[in-house]
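Participant: output the structure for:
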Amino acid sequence: MNDLTPFDGVLLVDKPKTWTSHDVVAKVRGHFRFKKVGHCGTLDPMATGLLVLVLGRATKLSERLMGDDKAYEGAMQLGTTTDTGDCDGKTLETKPVPPLTEAQLVEVMAKFKGDIQQTPTMVSAIKHEGQPLYKLARKGIEVEREPRLIHIYDFRLLKFEPPRVEFRLACTKGTYVRTLATDIGQTLGCGAHLAELRRTASGKFSIEDAHTLEEILALPKEKLTQWILPLLEVARGLQL
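Facilitator: I've put the predicted structure just below:
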């Protein structure tokens, strides 16, 4: 790897709300005229937080980095279900929230810790016969999805002000947090959807070391290298 440049590495972005992960990749690639840019784990448009970008030859590490565990902070809204499981969807049903104590809510959340089977949402990027599920969902098509084994390391209540539930989550890759919110709502009998989500960590990378897209785009290309983690440094910490 003697031909590595300072632009071969990892750039940590604090993704803004409403942007897709692809939007961020395309903007960074076009703005700085990079040939190769990828990301290591999709964030929905409604979500903010850590998006790990791989630049240049570091794109070869994308699959490995994508498999890292993730951490989030977010909020669920009890009493309302949507067709997407999050706040971007259309309301399907509204029900009264039953009287709940924090202790009761913690007890319900605890049932979702450890190994669980989770059925991916129809608005996910998982492919069915070559087509992403979300594209089928836009056409009003629903297909059967196989449940997937995921692991929830930590699912902690941070604040409960009915109908809003604020939480912290640590989980394996492939966990759909909106599905988790929906499942919590079903368990409680009142329904729920994901109101807010912020990714705080991906593997060894933390949101504390990320920079906003606005800050990144304001830099001249030659100064961007101060925020790029070198490929060799990143690869050194991986079991390749």
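Participant: tell me which residues of stretch 174-194 come out buried.
Facilitator: Residues 174-185, 188, 190-194 are the ones in stretch 174-194 that count as buried (16 or more other C-beta atoms under 10 Å). Yep, even glycine has a C-beta here, placed from its N, CA and C like the rest.
Participant: quote the end-to-end distance of that stretch.
Facilitator: Start-to-end span of stretch 174-194 (C-alpha to C-alpha, to the nearest Å) is 16 Å.
Participant: also stretch 72-90?
Facilitator: Using C-alpha to C-alpha, the distance between the terminal residues of stretch 72-90 is 24 Å.
Participant: how about it: buried residues?
Facilitator: 72-82, 84-89.
Participant: before we move on, back to that, helices - which of the buried residues of stretch 174-194 land there?
Facilitator: Among these, DSSP state H puts 177, 178, 179, 180, 181, 182, 183, 184, 185, 188 in helices.
Participant: where does the residue nearest the centre of the chain fall, phi/psi-wise?
Facilitator: Closest to where the C-alpha atoms of the chain average out (C-alpha atoms, centre = their mean) is residue 43, at 4.0 Å. Here is the backbone geometry of residue 43 (degrees, to the nearest 10): phi -120, psi 130.
Participant: tell me where the longest strand sits in the chain.
Facilitator: When the chain is scanned for its longest strand (criterion: DSSP state E), the result is strand 148-161.
Participant: alpha carbons only: can I get that one in CSV?
Facilitator: In CSV, the C-alpha atoms belonging to strand 148-161 read as follows (Å, rounded to 0.1, in the frame of the first residue of the first chain):
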residue,chain,number,x,y,z
ARG,A,148,-33.7,-12.3,11.2
LEU,A,149,-31.7,-13.0,14.4
ILE,A,150,-30.4,-9.9,16.0
HIS,A,151,-28.9,-9.2,19.4
ILE,A,152,-29.8,-6.3,21.7
TYR,A,153,-27.0,-5.6,24.1
ASP,A,154,-28.6,-2.8,26.0
PHE,A,155,-32.1,-1.2,25.8
ARG,A,156,-32.3,1.5,28.4
LEU,A,157,-35.1,3.9,29.4
LEU,A,158,-33.7,7.4,29.6
LYS,A,159,-36.9,9.4,30.1
PHE,A,160,-40.7,8.7,30.2
GLU,A,161,-43.1,11.5,29.6
